[in-house]
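# can you look at this prediction? I've put the sequence above it.
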Amino acid sequence: MSRNPRHQVHPSVADLPAAERSGALVRLWRIRTELLLAAGLVVIVLGALGGGRWVPFIALTSAVSVPAATRAGRGWLVAHAWCVASRHRLQRVCLETTMHTRSGRIPLILWITPTAVGEKALVLTRAGICAEDFEAFAGEIEAACFARDVRIHRHRRWTHLVIVEIIRREAPAGAVSPGLERLYGRSGWVALRSTRADIEEPPDTARLLVPA
């Protein structure tokens, strides 16, 4: 039996529509980080090999190896690598659950950035999907993103905007978020954690049939 009624978006599993193939622009947006990194690497390598100019190639390798040689640099690289992984895992959760529309469209992850405790993603929901759906599937998101906790926030005014905060660790004293967490703001969001315990569980019909 499902944990709460919000899992039952569709009448039955048989009626659950399969996610359709998204448009080209949406697919490119989902892998934008990988495309930008690959394009930059190809341009620099081809420029170095074609023109005999190794300075750009050396500069690129230095820009990657030098930060990786320091603790802060390695932390920055790992934090942003987790952002890429979490974005794909969130998309997969939407595809594998009922968090997509009947036409098969999943929410759009507009931005994801590292925080002192994990990652924070800004999500644009589709018609038929709301912040409470993400709260209902918090357990699935935790498991998919290898997280210890997930917190969902809904914008006070624009309720189609949702923040999914992925918690991986405890924040050390004086820790500063390595990403652009400040761009989200704080006063415009409502946390949904308090509503998780208030969701009414469906009745256990098996127990109702047992005589007292």
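Right, received. Where do you want to start?
# rest of the way, CA atoms for contacts and neighbours
Fine.
# what segments of this protein are helices?
Using DSSP state H, the helices of the chain run over residues 24-30, 32-51, 55-68, 71-96, 131-136, 138-144, 193-196, 205-208.
# CA atoms only: put the fifth one into CSV for me.
Coordinates of the C-alpha atoms in helix 131-136 are reproduced here as CSV (Å, rounded to 0.1, in the frame of the first residue of the first chain):
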residue,chain,number,x,y,z
ALA,A,131,5.3,21.0,-4.8
GLU,A,132,3.2,18.5,-2.8
ASP,A,133,4.0,15.8,-5.4
PHE,A,134,7.7,16.3,-4.7
GLU,A,135,7.0,16.1,-1.0
ALA,A,136,5.1,12.8,-1.5
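# so which elements touch it?
Other elements packing on helix 131-136 under the criterion 3 or more CA pairs under 8 Å, 6 or more residues apart in numbering; DSSP states H and E are strand 149-155, helix 193-196.
# which of the helices of the chain has the lowest mean pLDDT?
Note on the helices of the chain: helix 205-208 shows the lowest mean pLDDT, a mean of 49.
# circling back: TSV please, covering the helices and strands packed on helix 131-136 and showing mean neighbour count.
Formatted as TSV, the helices and strands packed on helix 131-136 follow (neighbours: other CA atoms under 10 Å):
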stretch	mean neighbour count
strand 149-155	20
helix 193-196	12
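# just put those in CSV and tack on distance to E96.
Compiled in CSV, the helices and strands packed on helix 131-136 are given as follows (distance: least, CA to CA, whole Å):
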stretch, distance to E96
strand 149-155, 18
helix 193-196, 21
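# out of those, nearest to A143?
Smallest distance to A143 across the helices and strands packed on helix 131-136 (CA to CA): 9.1 Å, for strand 149-155.
# sheet-wise, list the partners of that closest one with their directions.
Applying DSSP bridges, strand 149-155 is found paired with strand 161-167 (antiparallel), strand 189-191 (antiparallel).
# what does the last one contact?
Looking back up the chat, that one is strand 189-191. Strand 189-191 has contacts (CA atoms under 8 Å, 6 or more residues apart in numbering) with R151, I152, H153, R154, H155, R156.
# ok, how many other residues are close to V117?
18 (other CA atoms under 10 Å).
# local confidence estimate at it?
91.
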